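# Dropping the sequence and predicted coords here.
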Amino acid sequence: MAKQSSLFSFFTKSPPPVSKPKPSPSPTEADLPSSVQRSSSSPKEQAKETPQQAAKAGRVDAKRNDKSSKGGFNKLFGDKAPAVKPSSTCPFSAGALVWAKLEGHPWWPCMVVPQPLTGQQMRGRGRSQRVHVHFFDEPATRGWVSTKYIREYQGSDSSDAKTGGVFFSGKPTIRRAMELADGVMFDSPEKRIKIPLCMDPSDEEEDEEEDMELDTSTLTDDCSDEEEQADVKAKSSKLGLRSSRASTETGNKAKRRRIIVASDSDGSDEEFNPQKAASSSEEEEEEEEAAATLSSEEESTHESESESPVKPVKRKRPAEKPAPLKAKTPTSLSTAAKRAPAAIAVDTKSRLSAFSAPDGFESPSNGAGGAGSTTTWDHEKLEWCQDGRRKDGRRRRQSEDDYDPATLYVPEDFLNRISPGMRRWWQIKSQMFDTVVFYKVGKFYELYHMDAVIGVNELGLTFMKGTWAHSGFPEIGFARFSDGLVQKGYKVARVEQTETPEMMEARCRSMAKPTKFDRVVRREVCRIITRGTQTYSVLDGAPSESQSKFLLSLKEKAEEDGSGCCRSYGVCFVDTSVGCFHVGQFPDDRHCSRLRTLIAHYAPAEVLFEKGNPSVETRKILKASLSSALQEGLSAGTQFWDAQKTLKQLSEEDYFREAAGEDRGTGTGFLPALLKSMTSASDSLCLTPKEGCELGLSALGGCIFYLKKCLVDQELLSLANFEEYVPVDVELERAAGPAGFFAKTRQRLVLDGVTLANLEIFQNGTGGTEGTLLERLDTCSTPFGKRLLKQWLCAPLCNPTSIGDRLQAVEELMGAAAQASEVSELLKKLPDLERLLSKIHSIGTPLKGQDHPDGRAVLYEEVTYSKRKIADFLSALEGFKTMQEVVAVLAAVSSESQSALLRQVGTLKSGQGGLFPDLSAELRRWETAFDHQKARATGVITPKAGFDPEFDQARASIQSCERELQEYLDRQKKRLGCRTMSYWGTGRNRYQMEVPDSGVSVPAEYDVKSTKKGWKRYVTKETERLFSELQGFEEKRDAALKDCMRRLFYNFDKNYKDWKTAVECMAVIDVLLALSRYSQGGDGPMSRPQVVLPESGDQVSTFLELVGSRHPCVTKTFFGDDFIPNDVVIGCPGGGEADAGKERASCVLVTGPNMGGKSTLMRQCGLVVILAQLGCYVPAETLRFTPVDRVFTRLGASDRIMAGESTFFVELSETASILHHATKHSLVLLDELGRSRLLVHSKWSWECSRSAVNCLQGGARPRTTARPSPAPW
């Protein structure tokens, strides 16, 4: 007998049920409140009762009322039933701020409040316990939420509410709700609940009111029915049979009413539990087996009960067929006596089944079974699948060095024992054991075994019934659930059905001896999604943030030369949402300074490296700086390709066929310009790498392999969008002199990872963005503008001419306030066109449609996805129309601008010095290409005549064939002399000539096809030939229409360069507007910096003169007082004659009391210089300086615990890097070293500080602001 599921699985400390059988009330009576329960005796019997009997009856009534108030627990536990906590013991008091989650909705900021009508704050008990909350929304709403979906709210700055957190969301409505919650976060709970609350009843309360109105009206009928039930119960008790709900309601099939009580309503909002229905049905089957006297009429009544209205639930996997029931024979008295202790009403029992523990599932907190539980899932019983005993695909054990954790060895005998569908799942899972497989079955994605456990734990899915872990969700929910796992660091594989059942049957018929494993629809992996390979297709959903997520491929080679470089790196990183590849190779020092800078500027979400290749130092950097990024090692040669294999694969796959066009004569037309430059000039086939580029091409090979594994290589590489990565400090080494160095336009200010962190440019000390320079400047209206602003901040300008040109553009936009405001409003309407262009290319590329599994996938929501594609395409067209308006508005400003940059981005190519392409003709062409509104509504694009040649040709052939058929009919009318003759038929029976029976003599070549009264329908060889041709042309038309969307997108993508140029120009305009808003939005004076080109010669003069400066990110203090300005003068000679011959001081020592603002002044000086070279006004009265080539910082005190480096070691490493790389044009911000107050340690710190300053001033003499360590005396 199967294990009985009951409350004892959860309340292990409760006493066992009493063995003495007790008579139980009728099912309906047991569930009624005490106020409506009928008396067990008649009025006459009550009148005859003695006082002792009345007192006894009173105790019985009190016990019955107590039994009703405890929801039926005494029926199982007797007088020792555990006391139920009252609703006042709510874990969250009124006014508490919480995160709450309703089924099918995301986490939402809420406040616990009493129900406005009843004052009730809590409902239910145990697992069905719920709390009444107020949702922060506009307009506000309220509802009951289960306590298991309530978490404490700690503000929008908490780690859980930020990117990667449990409660993070990019939706504007939820962000707005977080702002409302933050607004009352510091108020007292009493003050919070006084805010305007929602008074409208929730959907659940309205349903309960309707049910109560219905049930109250029929309460009298039910009570009369109970008397009949009592008689039936009395008769059955004589036979030793326990009562059942079916037997008590046999005579009342027409009056099936349901009384809603508190215990019923408490579980109405509970999430769907697939075990509920199954466990309830199993219990009822056991009762039927014991009570064999049930008639067929009673069984039909029981079946009708299961069809009564219930809460809509999610799809449930069909339960396995139960064992056949025993023959129903009359139950003996002994059997009845054994079953008597379980005399519980069926209605109550089915209601309590919500608390039952199914077989193989111990508790929600331990759903996976295993350690700490008495039962386990089936996959946990497989010895070859357990940790420590697993083998990879090549049967290597986990203890071996070359073990591959991404594969799993599955024994062949196990595969032969399981079903064909599950066999295919294990075959896929064995090749991607580190990936969560979303396995398509019909219209649902299913998760099995260990993947199902992850889905339940991480996504809140529900286990389906059975001993093997199983969960799932509908196809339309793929975007939400896949993104939830990807953001938590999982890999997700989407497995689709790539043939229909009809196609499967046809395939089996073509086989000689198909096996049972062949008789299952074919399924293939169509996409693997990771955090670094998200492309945000129509199935994946929209991105939650605007910043890029890079996939970095890295290869290292140890080198020793006289220049101090001890290693070289080859890198390739790509933003898969945009499709832009960056490839490069560079030498690095022993501190890995350039690698650290690369990681800081382009923070990767995922890192690929060759197994055994990175050195210990590199691995420490990856572990310490990229602790949250996914890191995966690839096998050398087979997965992480070398340079030769990379070039060979690029040649064989022919990724760049469309980009190269027909230019194939020289044999080098299949590679983009950058990749050609990395090949040997002596090899005309471009299959030999150039010297000094081997590592970069090898890193590209590792990246391509991984993209190929994720099935996105074709759509990304076919863009042919490659850029060379050159470290920002490489130009320093190539410069011949200071004047020529700063005159180069492409040279940038070097900001390494340490400087970005110490100056809090992108992130503050807690990992957030509040108070950072990026947060202060970022008022961009477009996502691509935000990305460009971050790139500008990573590498500001060094050329004074370029800086002045950008400052001039900002100044002119400040002067044109009306145009700037109008342009800002227009820019807010633009979607993320940079990513949309990549999506349109992915849909339109012919490479993906030829042999990609997605082209064969059977999608049941194809219409929805088509509508999304069309919506994205039309959104892109509207965005480019808006860009045309932006250019028209800026025409008056840009045409007369003295800034070359503003003229280039704000003027059409046809104008003087403009770079913005003229898109008007192309946009008009697409405006008339098809009916936009019809396509948006239907999800089908029907091109107009003259736009799609294939569709036009098929349509013209159809019209020609129809014309011939009509001409043939006209000839036959004249031949037979019958004007009423016409074509008849639909579908495949079309074009039958309908002729009257009487008075017409038909030729011998007429064959009768069908008849009706008074008419005959004929066909001839000519009509059959023309109709056959017509059907062929119609099939061509349908095929052309099916592929029409892809061809239209492909035609749009042919002008990719123009569309991309327009987006780049708009991004520059957006960033310039953001800089202009900051430049005129300061609380104090904002000045235009003066950048002076340094003098050439042996004695190069560098200086910095900063007067009345304020911190760029701090406008006012919390007390409302203005920020106290400061002056910083470095390298400027004195104004008097006595100072004329003195050497200019290049170092400034900053002293003062603790918390006097010394470190803030240093940061302020560095940030103002960065702002000035960015091309922005600065918060100061005046600023004059020579360009800075690099900003060095040694600020704050922090360790690198992941890299095993102490605080003092970090300080010394940063100081050593400064001493090694600083030049005459650098700016050094040197805080005290050591910071110890011990006498011995203070002497060390003092000596370190003094030695560092002396070394700087005795060597390169950079501009330095230093805070010396306290003297030990």
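Thanks, I have the structure now. Numbers count the residues shown, from 1 in each chain.
# count of neighbours near the nearest residue to Thr147 once chain neighbours are set aside?
Excluding the flanking residues, the one nearest Thr147 by Cβ to Cβ, 6 or more residues apart in numbering is Gln129, at 4.8 Å. For the C-beta atoms, the positions are set from N, CA and C on the backbone; glycine is no exception. For Gln129, the count of nearby residues is 21 (other Cβ atoms under 10 Å).
# With Leu1219 instead?
15.
# which SSE is it in?
For Leu1219, the host element (DSSP states H and E) is helix 1207-1221.
# pLDDT on that helix, on average?
Helix 1207-1221 shows a mean pLDDT of 72.
# packing partners for the very next helix or strand once past that helix?
Sequence-wise, the next helix or strand downstream of helix 1207-1221 (DSSP H and E) is strand 1227-1230. Helices and strands touching strand 1227-1230, by 3 or more Cβ pairs under 8 Å, 6 or more residues apart in numbering; DSSP states H and E, are helix 1158-1174, strand 1191-1194, helix 1207-1221, helix 1239-1258, strand 1263-1266.
# Tell me which residues of the helix holding Leu1219 come out buried.
1208, 1210-1212, 1214-1215, 1217-1218, 1221 (16 or more other Cβ atoms under 10 Å).
# Touching, Phe573 and Tyr602? I think so.
Yes: between Phe573 and Tyr602 there is a contact at 5.6 Å, judged by Cβ atoms under 8 Å.
# okay, and the common contacts of those two?
Here Phe573 and Tyr602 share the contacting residues 550, 552, 582, scored by Cβ atoms under 8 Å, 6 or more residues apart in numbering.
# Tell me the one of the residues you listed nearest Gly637?
Leu552 (20.3 Å; Cβ to Cβ).
# Next, count neighbours for the closest one.
That count, for Leu552 with other Cβ under 10 Å as the rule, works out to 27.
# SS state for it?
Three-state assignment for Leu552 (DSSP: H, G, I helix; E, B strand; the rest coil): strand.
# next one: phi and psi at the nearest residue to it once chain neighbours are set aside?
Once flanking residues are discounted, Leu552 sits nearest to Pro604: 3.7 Å by Cβ to Cβ, 6+ apart. Dihedral angles of Pro604 (phi, psi; degrees, to the nearest 10) stand at phi -80, psi 150.
# Correct me if wrong: Pro604 contacts Leu554.
No: using Cβ under 8 Å, Pro604 is not in contact with Leu554, being 9.1 Å away.
# Mind giving me the packing neighbours of the helix or strand where Gly472 lies?
Counting by DSSP H and E, the element that carries Gly472 is strand 470-474. Judged by 3+ Cβ pairs under 8 Å, 6+ apart, strand 470-474 is in contact with strand 444-448, helix 449-459.
# Of these, give the one that comes closest to Arg1261.
helix 449-459 (56.8 Å).
# circling back: list just the nearest of the shared contacts of Phe573 and Tyr602 to Glu878.
Once Cβ to Cβ is applied, the member of the shared contacts of Phe573 and Tyr602 that ends up nearest Glu878 is Phe550, at 29.5 Å.
# In a markdown table, list the buried residues of helix 1207-1221 along with distance to Arg395.
Formatted as a markdown table, the buried residues of helix 1207-1221 follow (distance: Cβ to Cβ, whole Å):
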| residue | distance to Arg395 |
| --- | --- |
| Phe1208 | 49 |
| Val1210 | 45 |
| Glu1211 | 50 |
| Leu1212 | 49 |
| Glu1214 | 49 |
| Thr1215 | 52 |
| Ser1217 | 48 |
| Ile1218 | 53 |
| His1221 | 51 |
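# What residues sit buried inside the strand holding Gly472?
The neighbour-count check on strand 470-474 (16+ other Cβ under 10 Å) flags 470-473 as buried.
# quick check: angle from it to strand 444-448?
Orientation of strand 470-474 against strand 444-448 (axes from the mean of the first three to the mean of the last three Cα atoms, to 10 degrees) gives an angle of 160 degrees.
# next SSE after strand 470-474?
Following strand 470-474 in sequence order, the next helix or strand is helix 478-487 (DSSP H and E).
# pLDDT (mean, whole number) over that next one?
94.
# And stretch 501-517, by the same measure?
Rounded mean pLDDT across stretch 501-517 is 90.
# if we can go back for a sec, give me phi/psi at the residue nearest to Thr147?
phi -70, psi 130.
# Correct me if wrong: it contacts Ile150.
No: if you go by Cβ under 8 Å, Gln129 and Ile150 don't touch, sitting 9.9 Å apart.
# any idea how far Lys549 is from Gly393?
29 Å (Cβ to Cβ, to the nearest Å).
# Of the two, which one has the most company?
In terms of neighbours (other Cβ under 10 Å), Lys549 is the more surrounded of Lys549 and Gly393; the figures are 21 against 14.
# rewinding a little: bridged to the residue nearest to Leu552, which residues?
For Pro604, the beta-bridge partners are Phe550 (DSSP bridges).
# Repeat that for Val1128.
Leu1106.
# quick revisit: quick check, pLDDT for the residue nearest to Thr147.
87.
# How about Gln386?
92.
# Between the helices and strands packed on strand 1227-1230, which has the poorest mean confidence score?
The weakest mean pLDDT among the helices and strands packed on strand 1227-1230 belongs to helix 1239-1258, with a mean of 60.
# which residues touch stretch 1052-1064?
Taking Cβ under 8 Å, 6+ apart as the rule, stretch 1052-1064 contacts 719, 784, 833-834, 837, 840-841, 844-845, 873, 880, 883, 915-917, 919, 922, 926.
# List the ones among these that fall in helices.
784, 833-834, 837, 840-841, 844, 873, 880, 883, 922, 926 (DSSP state H).
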